[in-house]
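# Okay, predicted coordinates and the sequence, questions at the end:
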Amino acid sequence: MHIERHSLIVEFPEYRQQIHDLKVRDAHFARLFHEYDEIDHQIVSIEDGVEHCSDEELEQLKKKRFLLKDLLYASLRQAA
């Protein structure tokens, strides 16, 4: 079974241009975006069975992804 990624552009398609703009001009946003993308990729790899970890580690990754998504969304709303 293939697990779908939670790309920020898929999650917030209405902010596509703001995501691009902030990645280019805001180093903090770009760093958070990169970290979010890496964690999302890792979660998908774990759920697809490519990587392995404990249930607790997976839960912590999902919580961190959610926190990053919330921070990124707040930045997007502020920039809009």
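Structure received.
# for the residue most central in space within the chain, what are its contacts?
With distances taken as CA atoms, centre = their mean, residue 36 lies nearest the centre of the chain, 3.2 Å away. Contacts for residue 36 (CB atoms under 8 Å, 6 or more residues apart in numbering) come out as 8, 65, 68, 69, 72. Heads up, the C-betas are built off the backbone N, CA and C, glycines and all.
# which of these lies closest to residue 43?
residue 65 (6.4 Å; CB to CB).
# can you tell me which helix or strand that closest one belongs to?
helix 55-79 (DSSP states H and E).
# roughly how far out does that helix sit from the chain middle?
Its chain's average C-alpha position is 7 Å from that of helix 55-79, according to CA atoms, centre = their mean, to the nearest Å.
# Also stretch 29-41?
The chain centre lies 5 Å from the centre of stretch 29-41; the measure is CA atoms, centre = their mean.
# before we move on, what about stretch 65-80?
Its chain's average C-alpha position is 10 Å from that of stretch 65-80, according to CA atoms, centre = their mean.
# ok, and for it, which residues are buried?
By neighbour count on 16 or more other CB atoms under 10 Å, the buried set for stretch 65-80 is 65, 68, 69, 71, 72, 75, 76.
# Make JSON lines from the contacts of residue 36 and add pLDDT and distance to residue 21 to it.
Output for the contacts of residue 36, formatted as JSON lines (pLDDT from 0 to 100; distance: CB to CB, whole Å):
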{"residue": "8", "pLDDT": "92", "distance to residue 21": "13"}
{"residue": "65", "pLDDT": "97", "distance to residue 21": "22"}
{"residue": "68", "pLDDT": "98", "distance to residue 21": "19"}
{"residue": "69", "pLDDT": "97", "distance to residue 21": "18"}
{"residue": "72", "pLDDT": "98", "distance to residue 21": "13"}
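# Please name every helix or strand in contact with the helix holding residue 65.
The contact analysis (3 or more CB pairs under 8 Å, 6 or more residues apart in numbering; DSSP states H and E) places helix 55-79 against helix 8-11, helix 16-25, helix 27-47.
# run the last query once more with 6 Å
Applying 3 or more CB pairs under 6 Å, 6 or more residues apart in numbering; DSSP states H and E, one finds that helix 55-79 makes contact with helix 16-25, helix 27-47.
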